[in-house]
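Q: Structure for this input, please:
(one chain, ligands or ions: 3)
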Amino acid sequence: MTLPRFYPVFDSADWVVRAVPLGVRLVQLRIKGQPDEILRAEISTALACCRHYGAALVINDHWQLAIELDADWLHLGQEDLDTADIAAIRHAGLKLGVSTHDHAELDRAVTLAPEYIALGPVYPTILKQMKWTEQGLDRLTEWKSLVGDIPLCAIGGMSVERAPGAFAAGADTVAAVTDITLNADPDARIQAWLKATA
Ligand SMILES: Cc1ncc(COP(=O)(O)OP(=O)(O)O)c(N)n1
Ligand SMILES: Cc1nc(C(=O)O)sc1CCOP(=O)(O)O
Ligand SMILES: [Mg+2]
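A: Ligands and ions are numbered 1, 2, ... in the order given. Alright, predicted model coming up:
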């Protein structure tokens, strides 16, 4: 599977609706701490937009809602995997991305044969507190040698300027949050990402 090389991650459907018409073709909806009725509305809006533009929408965490709302893609971390029903997820036809941060997590991820494996944080991130320190580009190259044919996603502190190094190290796609959402001109930053990853 070939994934678009730019993979922004957003915390609302509003961001998805803003980014996708600019040319984004792979995007994650990562919403924390909201009740199901809000999540349902957000996912439905983002799905409708992505389907209209032919973009892939990845739902983070909320696997039951992804099944219920007939989404196409799901991202799960290691703690999510502890409680997720992988058989139900696959039965629903969802494509799967899985987070990894060390070799044990990578071994577990590979056994699931996901559609991509993410390694992070490649660089320090300000988005969330993590027990993992920055992995670095050499670790991306190591992961690339271990994932086989599974596409590799770099996440954590990624920026337009850092993306070429991640691709050179072996990433197939690069995910980013604050490089876009905290930029003074997010639309221009998205355009810069699209140009850099074309
Ligand atoms: C592309 C991508 N990679 C990693 C993550 C992190 O997932 P997880 O470890 O489950 O942490 P949360 O994002 O749920 O806080 C991701 N969401 N996307
Ligand atoms: C959501 C997430 N997961 C990570 C991991 O390493 O699994 S790093 C991360 C945050 C990415 O945000 P930013 O691009 O602003 O650093
Ligand atoms: Mg998660």
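Q: ok, whatever residue of the chain ends up closest to ligand 2 - contacts?
A: In the chain, the residue that lies nearest ligand 2 is Gly120 (2.2 Å; Cβ to the nearest ligand atom). The C-beta positions use only the backbone N, C-alpha and C, and glycine is treated the same way. When contacts are counted by Cβ atoms under 8 Å, 6 or more residues apart in numbering, Gly120 is found next to Ser99, His101, Trp132, Gln135, Ala154, Ile155, Gly156, Ala175.
Q: Quick check: it vs Ile155, distance?
A: 4 Å (Cβ to Cβ, to the nearest Å).
Q: likewise Ala48?
A: For Ala48 relative to Ile155 (Cβ to Cβ), the value is 26 Å.
Q: Neighbour count: these two, which is higher?
A: Between Ala48 and Ile155, Ile155 has the larger neighbour count (other Cβ atoms under 10 Å), namely 25 against 14.
Q: Quick check, pLDDT for that one.
A: Per-residue pLDDT puts Ile155 at 98.
Q: thinking again about what came up before, could you tell me what pLDDT the model assigned to the residue of the chain closest to ligand 2?
A: The predicted local confidence for Gly120 is 98.
Q: quick one on the thing from earlier: what about ligand 1: which of the contacts of Gly120 touch it?
A: Filtering the contacts of Gly120 for proximity to ligand 1 by Cβ under 6 Å from any ligand atom leaves Ser99, Ile155, Ala175.
Q: Adding secondary structure and distance to Met1, write these out as CSV.
A: Converted to CSV, the ones next to ligand 1 among the contacts of Gly120 look like this (DSSP: H, G, I helix; E, B strand; the rest coil; distance: Cβ to Cβ, whole Å):
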residue, secondary structure, distance to Met1
Ser99, strand, 18
Ile155, coil, 18
Ala175, strand, 16
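Q: Of the residues you listed, which are in range of ligand 2?
A: Among the ones next to ligand 1 among the contacts of Gly120, ligand 2 is touched by Ser99, Ile155 when using Cβ under 6 Å from any ligand atom.
Q: just the helices in the chain please.
A: In the chain, the segments counted as helices under DSSP state H are 13-19, 36-53, 63-68, 78-83, 86-91, 103-111, 137-146, 163-169, 178-181, 186-196.
Q: Determine whether any part of stretch 124-144 lies close to ligand 2.
A: Yes - Stretch 124-144 is in contact with ligand 2 by Cβ under 6 Å from any ligand atom, via Thr125, Leu127, Lys128.
Q: that older thread, kindly present the helices of the chain as TSV, with separate columns for mean pLDDT.
A: Below are the helices of the chain laid out as TSV (pLDDT from 0 to 100):
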stretch	mean pLDDT
helix 13-19	98
helix 36-53	98
helix 63-68	98
helix 78-83	98
helix 86-91	98
helix 103-111	98
helix 137-146	98
helix 163-169	98
helix 178-181	98
helix 186-196	98
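Q: I appreciate the help and will end here.
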